[in-house]
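*Asks:* Quick check, what structure comes out for this input:
(one chain, ligands or ions: 1)
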Amino acid sequence: MPEYQGNLKSKLPKTGTSIFAVMTALANEHKAVNLAQGFPDFSCSEKLVELVNQYMKKGFNQYAPMPGVMKLRESIAAKTEELYSAIYHPEKEITITPGGTHALYAAITAFVKEDDEVIVLEPCYDSYVPAIQLNGGRPIFFELKYPDFKVDWNELKKLINHKTKMIIINTPHNPSGATLNAQDMLKLQKLVMNTEIIILSDEVYEHIIFDGLEHQSVARFPKLAERSIIVSSFGKTYHTTGWKMGYVLAPAALTAEFRKVHQFIAFCANTPIQYALADFMEDKNAYMGLPQFYQEKRDYFQKLIKGSRFKILECQGSYFQLLNYAKITQENDAEFAKRLTKEFKVASIPVSAFYHKQIDNNILRFCFAKSNETLEKAAELICKI
Ligand SMILES: Cc1ncc(COP(=O)(O)O)c(C=O)c1O
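*Replies:* Here you go, the predicted structure:
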């Protein structure tokens, strides 16, 4: 193919290939155990697969309604009311999306204009900042302090001014595994009272929370919920990250604006999967059992690597375990992660990749959403380091 001759002024000049793709490619090249990218290596429910097949065979293969299949929206409304005592109307306040990332992008695009400021708590999921920048907004970074990654709301308050359009929060948190508690939510509520700030609440790990902690959705706090867009992901909840299915909860006026954008990015999400999920959601055990399922994985992984030279950091939720390697080497985290993949055959993600300034606290992120066999293999390698 002859090369493009025009003046390519990139809209994302500093963005390269994501670290997840880089580490996964490296893991494949060196036949390393891949605990880098966040996806389960075990199967999703057979029943769910059968349901999708059934709906495909029955002919549910054309566009779904733009906001989503009504039965699925109704199931989500019922679940949200039961879990968080919050009423979201399926018609006007719930939208099914092709994954959480799409939902985040559409939400940011719907509300962030040129020169608007968006407060981003770092380290953070890598899609937030490019989405803000593509819309002409300015990310305003707030650093969550190592090692507990708690939010100092008094400090965060100092970043708020008349240009602040949005604050993005994420609980349970990727990559740290920290969670926001009810006090955090009340402090945030107080902070934004009498402002027009919108909260974008990334709750894709809502069902992956441990040690008896309860997920504090913004939906539980009416004064926060009235200004919030909540993003959830079926991929995380049902071990189906490759299906790219999620949803958004937001009050009617925010949903209306959200849908204006959603309809022109994707129009709708996958039809047969929506019908299948609506049926599958009738079994509450599938999501109510998730905390225990993943807590066992976390505990098993921690037990297996206890004898290693890494320091295990606290993990309250999500399926990521941070390990500090300061006692092992002085190398920066990106170099060390690459060397571990090549020499020790175990792949992780350097946490500096989650900061715009690549802050390096000598920690690596390992995904424990893996079969016990994979965790055992990885742990054996980790213990040799
Ligand atoms: C914090 C966070 N938000 C959103 C997403 C995206 O979810 P989805 O796979 O449904 O697009 C992820 C996926 O890794 C995530 O970690």
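
*Asks:* count of neighbours near K31?
*Replies:* 9 (other CB atoms under 10 Å). (C-beta placed from N, C-alpha, C; glycine too.)

*Asks:* Where does it fall, secondary structure wise?
*Replies:* Using DSSP states H and E, K31 is not contained in any helix or strand.

*Asks:* residue contacts, it?
*Replies:* Residues counted as contacts of K31 (CB atoms under 8 Å, 6 or more residues apart in numbering) are K345.

*Asks:* for T240, same thing?
*Replies:* C44, L48, F234.

*Asks:* mind running it again at 6 Å?
*Replies:* C44 (CB atoms under 6 Å, 6 or more residues apart in numbering).

*Asks:* Could you report the pLDDT at it?
*Replies:* Per-residue confidence (pLDDT) for T240: 98.

*Asks:* next one: T15
*Replies:* At T15, pLDDT is 86.

*Asks:* do you know how far it is from the ligand?
*Replies:* 17 Å (CB to the nearest ligand atom, to the nearest Å).

*Asks:* Heading C-terminal from the lowest-mean-pLDDT helix or strand in the chain, find the next helix or strand.
*Replies:* When each helix and strand of the chain is scored by mean pLDDT, DSSP states H and E, helix 19-29 comes last, with a mean of 91. Scanning forward in sequence from helix 19-29 by DSSP H and E, the next helix or strand is strand 33-34.

*Asks:* tell me, how many neighbours does K306 end up with?
*Replies:* 11.

*Asks:* Grab the nearest non-local neighbour of it.
*Replies:* I312 (7.5 Å; CB to CB, 6 or more residues apart in numbering).

*Asks:* For the closest residue in space to V351 that isn't next to it in sequence, list each beta-bridge partner.
*Replies:* Among residues not flanking V351 along the chain, I363 sits closest, at 4.6 Å (CB to CB, 6+ apart). Bridge pairing for I363 (DSSP bridges) gives the partners N324.

*Asks:* burial count for the residue nearest to K306?
*Replies:* 15.

*Asks:* For it, give the beta-bridge partners.
*Replies:* Beta-bridge pairing of I312 under DSSP bridges involves L323.

*Asks:* Please list the outside residues in contact with the helix or strand encompassing S75.
*Replies:* Taking DSSP H and E as the definition, S75 sits inside helix 70-84. By CB under 6 Å, 6+ apart, the surrounding residues in contact with helix 70-84 are 86-88, 90, 94, 96, 217, 219-220, 247, 274, 277-278, 281.

*Asks:* Could you point out the helix or strand that follows it?
*Replies:* That would be, after helix 70-84 and using DSSP H and E, strand 94-97.

*Asks:* and stretch 333-340, which residues are buried?
*Replies:* Within stretch 333-340, the residues scored as buried using 16 or more other CB atoms under 10 Å are D333, A334, F336, A337, K338, L340.

*Asks:* quick one on the thing from earlier: what average pLDDT does the helix holding S75 get?
*Replies:* When pLDDT is averaged along helix 70-84, the result is 98.

*Asks:* Ok, stretch 216-235 next?
*Replies:* 98.

*Asks:* From the chain's centroid, how far away is that stretch?
*Replies:* 14 Å (CA atoms, centre = their mean, to the nearest Å).

*Asks:* For the stretch 201-350 of the chain, which residue gets nearest to the ligand?
*Replies:* S233 (3.3 Å; CB to the nearest ligand atom).
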